[in-house]
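Engineer: Requesting a structural model of the entry that follows:
(4 chains)
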There are 4 protein chains.
Amino acid sequence: MKDSKIRRIGILTGGGDCPGLNGVLRAVVKTCRFEYGIDVVGIQDGYGGLINDRMRTLTSDDVSGILARGGTILGSSNKDNPFRVPVSEGGETTFRDLSDQAIKNAQRHGLELLVVVGGDGSLNIAYELSKKGLPVVGVPKTIDNDLDATDVTFGFDSALSTATDAADKLHTTADSHHRLMVLELMGRYAGWIALEAGMAGGGDVILIPEIPFDIEKVAQAVRERGYRGRNFAVVVVAEGAAPKGGEMMVDRRIADSTDAVRLGGIGRWVAEELERRLEWEARTTVLGHLQRGGSPTAFDRLLATRFGVEAVRLVATGQHGRMVSIHGTTIDSVTLEEAVVRLRRVDPESQIVQAARAVGTSFGD
Amino acid sequence: MKDSKIRRIGILTGGGDCPGLNGVLRAVVKTCRFEYGIDVVGIQDGYGGLINDRMRTLTSDDVSGILARGGTILGSSNKDNPFRVPVSEGGETTFRDLSDQAIKNAQRHGLELLVVVGGDGSLNIAYELSKKGLPVVGVPKTIDNDLDATDVTFGFDSALSTATDAADKLHTTADSHHRLMVLELMGRYAGWIALEAGMAGGGDVILIPEIPFDIEKVAQAVRERGYRGRNFAVVVVAEGAAPKGGEMMVDRRIADSTDAVRLGGIGRWVAEELERRLEWEARTTVLGHLQRGGSPTAFDRLLATRFGVEAVRLVATGQHGRMVSIHGTTIDSVTLEEAVVRLRRVDPESQIVQAARAVGTSFGD
Amino acid sequence: MKDSKIRRIGILTGGGDCPGLNGVLRAVVKTCRFEYGIDVVGIQDGYGGLINDRMRTLTSDDVSGILARGGTILGSSNKDNPFRVPVSEGGETTFRDLSDQAIKNAQRHGLELLVVVGGDGSLNIAYELSKKGLPVVGVPKTIDNDLDATDVTFGFDSALSTATDAADKLHTTADSHHRLMVLELMGRYAGWIALEAGMAGGGDVILIPEIPFDIEKVAQAVRERGYRGRNFAVVVVAEGAAPKGGEMMVDRRIADSTDAVRLGGIGRWVAEELERRLEWEARTTVLGHLQRGGSPTAFDRLLATRFGVEAVRLVATGQHGRMVSIHGTTIDSVTLEEAVVRLRRVDPESQIVQAARAVGTSFGD
Amino acid sequence: MKDSKIRRIGILTGGGDCPGLNGVLRAVVKTCRFEYGIDVVGIQDGYGGLINDRMRTLTSDDVSGILARGGTILGSSNKDNPFRVPVSEGGETTFRDLSDQAIKNAQRHGLELLVVVGGDGSLNIAYELSKKGLPVVGVPKTIDNDLDATDVTFGFDSALSTATDAADKLHTTADSHHRLMVLELMGRYAGWIALEAGMAGGGDVILIPEIPFDIEKVAQAVRERGYRGRNFAVVVVAEGAAPKGGEMMVDRRIADSTDAVRLGGIGRWVAEELERRLEWEARTTVLGHLQRGGSPTAFDRLLATRFGVEAVRLVATGQHGRMVSIHGTTIDSVTLEEAVVRLRRVDPESQIVQAARAVGTSFGD
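Structural biologist: Numbering: from 1, shown residues only, chains lettered A, B, ... in the order given. Sure thing, here's the model as predicted:
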């Protein structure tokens, strides 16, 4: 057994689904048990369980066999924020700060520290809790791979794999049935999933938020394929992509306006514009939540495991207020403060974008 | 070499994409070459190639290694009908009967018979051509599995596999994130894909065209899950499903009205109705064309191969005007006339629906 | 609730692993609970749990989410036989009949009937127990698909899928690296897996127990491919295949002689003989246990579910002593007595073998 | 079009199969055509085609749709070395240096430079050819990920994915059937595949060449699982693993001695030793060539594409004698001289090994 001043911690998973969450939980519980003799309490459904006191001790039995499973055995929620809990009274909804109650619940269970596995929202809350005296260690979680503080996050490779598989399936049909296929992928304000799945799936056009596009140039790229004898095209569109001067639809969706959803998102808009310009029927596929589910890839299981182990090392060595990260092949960490300030977005001049252009991909710019 | 009076045939693939088409082409070409010494001419892009005379001889090299590939090496089209070819003149579109020209093209290439791999549309055209003197043999192709003349068609098992994989992915997320997930699947007027993928993917509610549903009963089924402590639900909806007294949206889509598509189909309608009734945010996934693409399953490759071999046997033994089929484990055939008359739809009283109900599935009726 | 005279049953899974076991358990428990109000007791590790009294009541919570998982939540054993339990005393092993004790254990738990999910070994034991007064209902389980009493068993399609995937992987390498690849597959005394995976995976030669082969003819088939310009070959060998006049190695393996295993099985023998005759290095892959594991295919989940539901219907309607089966698309049942008497083997003159020959496959005969 | 002094190059793929080869070919041909107007000549079957003058110009049509396919459209060979060509005369085999002839063939086709996609063997030959006046650019290819000059090679992630899938399949069976499963994986002198697939697949024991093991400690690790109530174990063994003081069997295999192959490799040896010590039947799976085949993962397609694009940039900018590589997320290059000198092996003290130990994995040391 290695030394640790901390004897008992809580852990929660927050935000949207992401393949690899169970891998982190397994690694944290096993490392705590086998290496340090630390007790681990699992908090149900993200911060909701902290507010409402739903927790239970996790044993290594609880995490046995979960590495290959999607989802999270703790449950999650992307709504509950202890600093802003909605309360309905007399038909009206107001928000109350229940963070003191959340911290008291943690204390009542003897939790000396909280490990938070979550995206920027959950990590920001963790940072606020730490300022109120509850030590935290963060583990980044996002399929969008949009955190500047780490080279890559678990979940991204699995989402990429699902998205590439979809592109492959559309490709064979597009080719043999001479179709114009539009595939809308996730990624929020970043184009990583669309860029990499577009390249891996042989997309002819890739539209990402970081490179505003001109729909006429997209149409022209498809026409030029035709001149070279190719009577089909696959257009991959990030949900955050927007025409030059246009507004991101993903903003509206994230802001919970349902207008963008009703419109069907940027994918459908691109398809309809291309249909009109090319007089060629287009088919749109919005991959949506499929990108968040399923068994994680080997890459993501490994990264999740390594992140979990490092999180416990930070706990045991008193390096609180930090988030684990990876740079190159090395696991390290950053302060929670720096962790969530900067988005990692695609640089339009980067090597990878240039590589995509070199093999003939159009970005519609 | 076995005997055959026919020395030279044409083959075309028509209609939408369907995993297994290449398996049929490979089996037809190899059997013709190895068993009977029959020449095979591949016609490009369905009936379009017959009308416009785009054909080339297929060798066993051409079909080597294609068994595992989606799509069709011949290309396809689901528009071209030699009896009704659109001609644009002076801004107006009229339709002309070019079936004589199609038959002349076939004759010029010395084709004594045409093997048509297609759905009901393509097979109907084949039947009409046979009445005009061009012998034909049909091979059924539909992912919807909705032909009464055969127990099963290739492509269905692959579509089912893709749909079940999607249900699995939604399931892990639904479970851990307590979501109400709606998955819309294909199938046209029949509920086979939704029924079987719903059962294989553990769907809680399955809505199919053959069992008109009551949206309030669907909501009630989800509520009752909640009473049993289940805070998530997966609702699988066939594109042809409709509420009692309502109209199928799939009709409108097939009829090329874009209203249904704009509405987002029945899946979105169900999701919105449930959101309103349950005050619970629902997420809709429309799987769409993914169900038509990708490498065929072992089952479909095998069925495609057996259908292709039998088609050639019908050719060589003079049994023209027939479509191959399977009953139980036996490959046989029916007349083209009977082949496409009756749709195979789910019987609401059948064993399989009863089995779904027995394990707790609601059909919303 | 439907009527049932039986109020409480036990269920066990016996024999080797088979994708779909959990699907049967889930269907039995859910149907018992939701449709009939029957209690279900799960017996651990096959007949071992009956002998040693390890059982627990199964709730619908226990079977929630297991449909997609390989293995069996009850555990299994392919050794324990209550009629022949090995007892070690003084360095010597003798066998005792503990079937009375097994039946007493069942009675002590109030089990009025036993559902046995197993292969021929487990079902034979079930039949013997039924003769001693413990009513049983059987569900067939074998990846080998070798029971004559049913058209198909769950597990087979999943094994076929894994085997075909392996053949696909070897195929691309064989093609580009001009290799002679030998793939040995399971199936015991029947060639179903090898035949169907061989056909679906584009195998050039398929060797099965039902068609004794001549190794020189196998070599000749490979040589002839070379004459046609193909510089690679994939040879698929069932573990039970044997040269004309030779003895099945699978017998020796099943009989637990390790000689055959040491030899590496028939796959390696074929590879070595071909290397010698063709002066061409061959690579052998023995797929082994991979064929028994992993998530079941949609087809197998559906069949397992339907079998489970029917088993409960037999229980509730007093049709004991029977095994569920499927013929065509209809679920039915046979007496346990007939169930295991006849092996379902490949008929060398059958349509499917003829289809394989038609596309150029050699059986080495 | 960008500038390039080089107008015409040859390209070959050498050595064993590796998912991603086609991705490199596609990227090289497309980048040459679209960005620089360079002609590309494909050389058949590795150095064999250079020696025997089998080459053809590659167009972008030739590489269309191959990104997702395993193998290499050029064919490969891992035997042909222009400096040492076996010649049989009078029953005796001697070796001749035909490198001058190879270079002359290249010159006759106007090749100004050779792009070699291969492992250390092929790249060494490339280096020797470059010293004789044929400029070369190298692209590393190995599923073993054992080159020190680059963080990662394409093919590794695909092999890892196949190996992890196998571990998953064995895991469900091991768990429910209480088995001791041994899985032997590739990797030559390095343990990367076994280490990462072992971690991703939840292996209980991982044996790699870099950490000589004590078989009694392996047995003890399995026993201790038993004390904690786990009645199954998965042991992952790299083909190059060896007991302390023992000799690597992989050496013998690589040296073409068939003894190790006959013995069944280190996997079987470990299984037999454990059987004896634990009195528990073990099952061994040797995954073998499956790790080299199949469609590359998204990660490998992307890396292959980026490597191909960079290789052409090196060609066009006159940076000959170099091999492309990746460090962190940046594509760069090293001299061919440094490229192949040092093996990248697992550091027993590295973070990743420590992470494996932290979650309870034994390395048998």
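Engineer: which parts of chain A sit against chain B?
Structural biologist: Contact residues, chain A versus chain B (C-beta under 8 Å from any C-beta of the partner chain): A:16-17, A:21, A:45, A:69-78, A:162, A:165-166, A:168-173, A:175-178, A:181, A:262, A:264, A:283-286, A:288-290, A:292-294. (C-beta placed from N, C-alpha, C; glycine too.)
Engineer: Mind checking which of the residues you listed are buried?
Structural biologist: Applying a neighbour-count criterion of 16 or more other C-beta atoms under 10 Å in any protein chain shown, the buried members of those are A:16-17, A:21, A:45, A:69-78, A:162, A:165-166, A:168-173, A:175-178, A:181, A:264, A:283-286, A:288-290, A:292-294.
Engineer: All the helices of chain A, residue numbers only.
Structural biologist: Taking DSSP state H as the criterion, chain A carries its helices at A:21-31, A:47-51, A:99-108, A:120-131, A:156-177, A:192-200, A:215-227, A:249-254, A:259-263, A:265-278, A:298-316, A:336-339, A:351-358.
Engineer: now for the third one, which elements pack on it?
Structural biologist: In terms of contacts (3 or more C-beta pairs under 8 Å, 6 or more residues apart in numbering or on different chains; DSSP states H and E), helix A:99-108 is packed against helix A:47-51, helix A:120-131.
Engineer: So what touches the shortest one?
Structural biologist: Helix A:47-51 is contacted from outside by A:10, A:12, A:14, A:43, A:54-55, A:74-75, A:77, A:79-82, A:85, A:98, A:101-102, A:105-106, A:114, A:122, A:125, using C-beta atoms under 8 Å, 6 or more residues apart in numbering or on different chains.
Engineer: before we move on, back to that, out of the helices and strands packed on helix A:99-108, deepest packed?
Structural biologist: The densest packing among those, expressed as mean neighbour count by mean count of other C-beta atoms under 10 Å in any protein chain shown, is seen in helix A:47-51 with a mean of 25.
Engineer: Can you show me the CA trace of that one as CSV?
Structural biologist: Provided in CSV are the C-alpha atoms of helix A:47-51 (Å, rounded to 0.1, in the frame of the first residue of the first chain):
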residue,chain,number,x,y,z
TYR,A,47,-24.4,16.8,-8.9
GLY,A,48,-28.0,15.8,-8.4
GLY,A,49,-26.9,13.0,-6.0
LEU,A,50,-24.7,15.5,-4.1
ILE,A,51,-27.6,17.9,-3.6
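Engineer: Report the closest residue of chain A relative to chain C.
Structural biologist: Residue nearest to chain C within chain A (C-beta to the nearest C-beta): residue A:295, separated by 8.6 Å.
Engineer: nearest spatial neighbour of that residue, skipping sequence neighbours?
Structural biologist: Counting by C-beta to C-beta, 6 or more residues apart in numbering or on different chains, the nearest residue to residue A:295 once its immediate chain neighbours are dropped is residue A:68, at 5.1 Å.
Engineer: contacting residues for that neighbour?
Structural biologist: A:295, A:296, A:301, D:168, D:171, D:201, D:202.
Engineer: Next to chain D in this structure, residues from the stretch 1-150 of chain A, please.
Structural biologist: Near chain D, the residues belonging to the stretch 1-150 of chain A are A:26, A:27, A:30, A:31, A:34, A:35, A:60, A:64, A:65, A:67, A:68 when assessed by C-beta under 8 Å from any C-beta.
Engineer: Give me the number of neighbouring residues for the third one.
Structural biologist: For residue A:30, the tally of surrounding residues (other C-beta atoms under 10 Å in any protein chain shown) stands at 22.
Engineer: which residues touch the nearest residue to it once chain neighbours are set aside?
Structural biologist: Spatial nearest neighbour of residue A:30, chain neighbours left out: residue D:359 (4.3 Å); criterion: C-beta to C-beta, 6+ apart. With contacts defined as C-beta under 8 Å, 6+ apart, residue D:359 is in contact with A:26, A:27, A:30, A:31, A:34, A:305, A:308, A:309, D:199.
Engineer: of these, closest to chain B?
Structural biologist: Compare each of these with chain B using C-beta to the nearest C-beta and the shortest gap goes to residue A:26, at 14.4 Å.
Engineer: check contacts around the closest one.
Structural biologist: Listed by C-beta under 8 Å, 6+ apart, the contact partners of residue A:26 are A:63, A:66, A:67, A:305, A:308, D:359.
Engineer: tell me the contacts of the residue lying closest to the second one once chain neighbours are set aside?
Structural biologist: Setting aside the residues directly before and after it, residue A:66 is nearest to residue A:22 in space (C-beta to C-beta, 6+ apart), at 4.2 Å. With contacts defined as C-beta under 8 Å, 6+ apart, residue A:22 is in contact with A:63, A:66, A:67, A:69, A:70, A:71, A:72, A:73, A:304.
Engineer: Over to residue A:94?
Structural biologist: Residues counted as contacts of residue A:94 (C-beta under 8 Å, 6+ apart) are A:86, A:87.
Engineer: Does stretch A:233-246 reach chain D?
Structural biologist: No. If you take C-beta under 8 Å from any C-beta as the test, stretch A:233-246 misses chain D, and the best it gets is 11.3 Å.
Engineer: I'd like the average pLDDT over that stretch.
Structural biologist: In this model, stretch A:233-246 carries a mean pLDDT of 94.
Engineer: What residues of that stretch count as buried?
Structural biologist: By neighbour count with 16+ other C-beta under 10 Å, stretch A:233-246 contains the buried residues A:233, A:234, A:235, A:236, A:237, A:238, A:239, A:240, A:241, A:242, A:243.
Engineer: okay if I get these as TSV plus distance to residue D:346?
Structural biologist: Conversion of the buried residues of stretch A:233-246 to TSV gives the following (distance: C-beta to C-beta, whole Å):
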residue	distance to residue D:346
A:233	44
A:234	39
A:235	42
A:236	37
A:237	41
A:238	37
A:239	40
A:240	39
A:241	41
A:242	45
A:243	49
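Engineer: now for the residues you listed, which pair is the farthest apart?
Structural biologist: Between all members of the buried residues of stretch A:233-246, the longest pairwise span (C-beta to C-beta) is found for A:233 and A:240 and amounts to 21.5 Å.
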